[in-house]
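**Q** fold the following.
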Amino acid sequence: MAAVKEAPLHHLGLRHRPGTPFISYIGIKPHQHADSDQYQGTAAFITGLPLGFNEAVVTDVFSCFGEVTQVVLHRTKRSGMVVFAEPSCRDLALKTAVSGQVVEYFPPEEEEGATGVKAWVRHHKALRPGHEALQKQLDAWVAAHEEEEERKR
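**A** Numbers count the residues shown, from 1 in each chain. As a prediction, the model looks like this:
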């Protein structure tokens, strides 16, 4: 087995939360495998993925560098491998990380498929009227009460 020279890990800035100035950093380096030439020149090892990222999101993020043919994530979803269609795509991703540029990715809002706390909050808000509806109900009640008081006099 031939020894593989370890490539340095570069950090790609990623802004993925709309409305905040915070940047996450994804570690990226060329993927090197001593026993196989299958992905030679087209694969990149990535680490430090933000929580909640899955294969589809990673594909969307890295597609700005070119066509992504495969994404394989570790079971913890915090690291993995991205395979590009062309070596130039992987090289562009690495050059972007080396130069310190920031990639912006804003995921689409998921209105229909909310789960967990988001789903509960939406359900909770849907069952309860807003301030305007409550104010109308109060105004109607006060008007009815005042009419009743007038009739009693």
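**Q** C-alpha only now, for contacts and for neighbours.
**A** Will do.
**Q** now do the helix or strand where residue 132 lies: everything it contacts.
**A** Following DSSP states H and E, one finds residue 132 within helix 131-152. Around helix 131-152, nothing counts as a contact under Cα atoms under 8 Å, 6 or more residues apart in numbering.
**Q** so what's residue 120 up against?
**A** Residue 120 neighbours (Cα under 8 Å, 6+ apart): none.
**Q** then residue 80?
**A** 45-47, 71-74.
**Q** pull the most distant pair out of those residues.
**A** Greatest spacing in those, by Cα to Cα: 47 and 71 (12.5 Å).
**Q** tell me the phi and psi of the residue lying closest to residue 83 once chain neighbours are set aside?
**A** Residue nearest to residue 83 in three dimensions, not counting chain neighbours: residue 43, with 4.2 Å by Cα to Cα, 6 or more residues apart in numbering. Note on residue 43: backbone dihedrals following degrees, to the nearest 10 are phi -110, psi 150.
**Q** what's next to stretch 95-102, contact-wise?
**A** By Cα under 8 Å, 6+ apart, the residues outside stretch 95-102 that reach it are 10-15, 28.
**Q** output these in TSV; the columns should cover distance to residue 144.
**A** Formatted as TSV, these follow (distance: Cα to Cα, whole Å):
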residue	distance to residue 144
10	70
11	67
12	64
13	61
14	58
15	55
28	69
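**Q** got the CA positions of stretch 57-75 in PDB?
**A** The C-alpha trace of stretch 57-75 is given here as PDB (Å, rounded to 0.1, in the frame of the first residue of the first chain):
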ATOM      1  CA  VAL A  57     -28.600  20.200   1.300                       C
ATOM      2  CA  VAL A  58     -24.900  19.500   0.800                       C
ATOM      3  CA  THR A  59     -25.600  18.800  -2.900                       C
ATOM      4  CA  ASP A  60     -27.400  22.200  -3.100                       C
ATOM      5  CA  VAL A  61     -24.500  24.000  -1.300                       C
ATOM      6  CA  PHE A  62     -21.700  22.500  -3.500                       C
ATOM      7  CA  SER A  63     -23.600  22.700  -6.800                       C
ATOM      8  CA  CYS A  64     -22.500  26.300  -7.000                       C
ATOM      9  CA  PHE A  65     -19.100  25.000  -8.000                       C
ATOM     10  CA  GLY A  66     -20.500  22.600 -10.700                       C
ATOM     11  CA  GLU A  67     -22.400  19.400 -11.100                       C
ATOM     12  CA  VAL A  68     -22.400  17.200  -8.000                       C
ATOM     13  CA  THR A  69     -22.700  13.500  -8.800                       C
ATOM     14  CA  GLN A  70     -22.700  12.000  -5.300                       C
ATOM     15  CA  VAL A  71     -22.700  13.000  -1.700                       C
ATOM     16  CA  VAL A  72     -21.900  10.500   1.000                       C
ATOM     17  CA  LEU A  73     -22.200  11.600   4.600                       C
ATOM     18  CA  HIS A  74     -20.900   9.900   7.800                       C
ATOM     19  CA  ARG A  75     -23.600   8.600  10.000                       C
END
